[in-house]
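Student: all I have is the shape, not the residue letters:
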């Protein structure tokens, strides 16, 4: 009887806990890292990277960036 009671209590409590563990609602724009791309070479294809990597916010000023990518 005791294992059944444990299983029943667990089966009852799990759905209650999953509701409180739901992801927070946040805007996508604020959670995206701001990236500054620094490349000083002839093979620098900044437009390609900007179109292919769309999950970041590209910035033009290095001081505004969270990540500074230096490609040589």
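Tutor: Thanks, I have it. No experiment lies behind these values; they were computed from the predicted model shown.

Student: gap between residue 60 and residue 50?
Tutor: Per C-beta to C-beta, to the nearest Å, residue 60 is found 11 Å from residue 50. To be clear about C-beta, it is placed using only N, CA and C from the backbone, and glycine gets the same treatment.

Student: burial check on the closest residue in space to residue 33 that isn't next to it in sequence, number of neighbours?
Tutor: Of all residues beyond its chain neighbours, the one nearest residue 33 is residue 66 (4.6 Å), with distances taken as C-beta to C-beta, 6 or more residues apart in numbering. Neighbourhood size, residue 66 [other C-beta atoms under 10 Å]: 12.

Student: and the gap between residue 66 and residue 32?
Tutor: 9 Å.

Student: hang on, the earlier thing: which one's more surrounded, residue 60 and residue 50?
Tutor: Neighbour count, other C-beta under 10 Å: between residue 60 and residue 50, residue 50 has more, with 13 against 8.

Student: flag every buried residue along the helix or strand where the more buried one lies.
Tutor: Here residue 50, judged by DSSP states H and E, is contained in helix 46-52. By neighbour count on 16 or more other C-beta atoms under 10 Å, the buried set for helix 46-52 is residue 49.

Student: helices or strands up against it?
Tutor: Applying 3 or more C-beta pairs under 8 Å, 6 or more residues apart in numbering; DSSP states H and E, we find helix 46-52 packed against strand 34-39.

Student: partners of the strand it packs on in the sheet?
Tutor: Paired neighbours of strand 34-39 in the sheet (DSSP bridges): strand 57-58 (parallel), strand 67-71 (parallel).

Student: the ones you listed: which one's closest to residue 36?
Tutor: Checking these against residue 36 by C-beta to C-beta gives strand 67-71 as the closest, at 5.0 Å.
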